[in-house]
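# Fold the following, please.
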Amino acid sequence: MAALPYHFEKTFIGSHRFLKWFGTLALGAISVTCCYFWIDRPLAMWFYAYQNHFVTRDDLNLIAGIPDPAALVSLVLFFLFGFSQVDKRAFKHWKRVALASSISILVGEAIKDILKWLFGRPSPYIWAMSNSSAMGSQNYQFHWLHGIEPFNSFPSGHMTAATAAVAILWTQYPQFRPIYAACCLALAAGLVAFNFHFLGDVIAGATLGTLVGLIVSYSLPGRNAAGLDSTNSSEPGPATAWRPHSRRCGVERQ
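Here you go, the predicted structure:
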């Protein structure tokens, strides 16, 4: 069995990650652009027309007023497990995953807030109240550098936080991927159906969260094939996630 040189292996893995990251960015950008010009307005107007048959706006405002707990939980986990790492204590697999997920969510939240201020897009509910048809353009355009309420819909913060965590969990616990996908789809459907966000906002949030999660997993020290640090672990994780990708001298070719 022949072995690939170590430098060739590193180049191959790096190129694969580069293409994966920029492929995700390109796909998200294309999808958001298509939604902005052709999908967001008719979809939002349709949901706006039928929304009152199921729930009142006061009920939706009550739901929207609940703070997103993801950032608070991530902050607690970051300090809780981060101090364990500073102390160089034995780190179990699930704690490493929780720490990486919390970092991913916190970074995603920070970038999301900057992008909301930068783009300044109104919510679909604000747009629908200002227009009588799906072709109306009043309060639809971006209000650049003025992203304050109610012009702070892009990208979706809830979708950013969810996918930032899922991007880590996807590789570490692959047996639960159907659950991750179902939860993300349910969240996206709720955000769009209740006119909290345009579909393009949700896709942008999902793209941002995924990109941040990939960067976090690739950037942690001592990373393995999945991206997370596997050193000093007192508890082995899933076999597929924590098995070393290769020997340092090279990769065996089957």
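# Quick check: residue 43 touching residue 199?
Yes - Residue 43 lies in contact with residue 199 (CB atoms under 8 Å); the separation is 5.8 Å. Any C-beta I mention is one placed from the backbone N, CA and C, and that applies to glycine too.
# shared neighbours of these two, anything?
residue 192 (CB atoms under 8 Å, 6 or more residues apart in numbering).
# Would you point out the helix or strand in this protein whose mean pLDDT is lowest?
Lowest on mean pLDDT, DSSP states H and E among the helices and strands of the chain sits helix 239-242, with a mean of 39.
# so which helix or strand takes in residue 149?
Residue 149 belongs to no helix or strand when elements are defined using DSSP states H and E.
# Report the contact partners of it.
Applying CB under 8 Å, 6+ apart, no residues qualify as near residue 149.
# From residue 45, how far out is it?
22 Å (CB to CB, to the nearest Å).
# now do residue 95
47 Å.
# go on, residue 175?
Computed as CB to CB, the residue 175 to residue 45 distance reads 41 Å.
# Which residue comes closest to the residue nearest the centre of the chain once chain neighbours are left out?
Taking CA atoms, centre = their mean, the centroid of the chain lies closest to residue 209, which sits 2.0 Å from it. The shortest distance from residue 209 to any non-neighbouring residue, by CB to CB, 6 or more residues apart in numbering, is to residue 163 (3.1 Å).
# which SSE is the one you found in?
Going by DSSP H and E, residue 163 is part of helix 157-172.
# Which neighbouring elements make contact with that helix?
helix 69-86, helix 93-119, helix 177-193, helix 199-219 (3 or more CB pairs under 8 Å, 6 or more residues apart in numbering; DSSP states H and E).
# ok, residues contacting the first one?
Among residues not part of helix 69-86, those counted as contacts by CB under 8 Å, 6+ apart are 91, 95-96, 98-99, 101-103, 105-106, 109, 158, 161-162, 165.
# Could you do the third one as well?
Contacts to helix 177-193, defined as CB under 8 Å, 6+ apart, come from residues 43-44, 47, 51, 156, 158-159, 162-163, 166, 169-170, 196-199, 201-202, 206.
# and the angle for it with helix 199-219?
Put simply, helix 177-193 runs at 140 degrees to helix 199-219, going by axes from the mean of the first three to the mean of the last three CA atoms, to 10 degrees.
# Can I get helix 177-193 in CSV? Just the C-alpha atoms.
Taking C-alpha atoms only, helix 177-193 is exported to CSV below (Å, rounded to 0.1, in the frame of the first residue of the first chain):
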residue,chain,number,x,y,z
ARG,A,177,-28.1,14.6,11.4
PRO,A,178,-31.8,14.0,10.6
ILE,A,179,-32.8,15.6,13.9
TYR,A,180,-30.5,18.6,13.2
ALA,A,181,-32.0,19.0,9.7
ALA,A,182,-35.6,18.7,11.0
CYS,A,183,-35.0,21.3,13.7
CYS,A,184,-33.4,23.8,11.3
LEU,A,185,-36.2,23.4,8.7
ALA,A,186,-38.8,23.8,11.4
LEU,A,187,-37.2,26.9,12.7
ALA,A,188,-36.8,28.3,9.2
ALA,A,189,-40.5,27.5,8.3
GLY,A,190,-41.7,29.3,11.5
LEU,A,191,-39.6,32.4,10.9
VAL,A,192,-40.9,32.7,7.3
ALA,A,193,-44.5,31.6,7.9
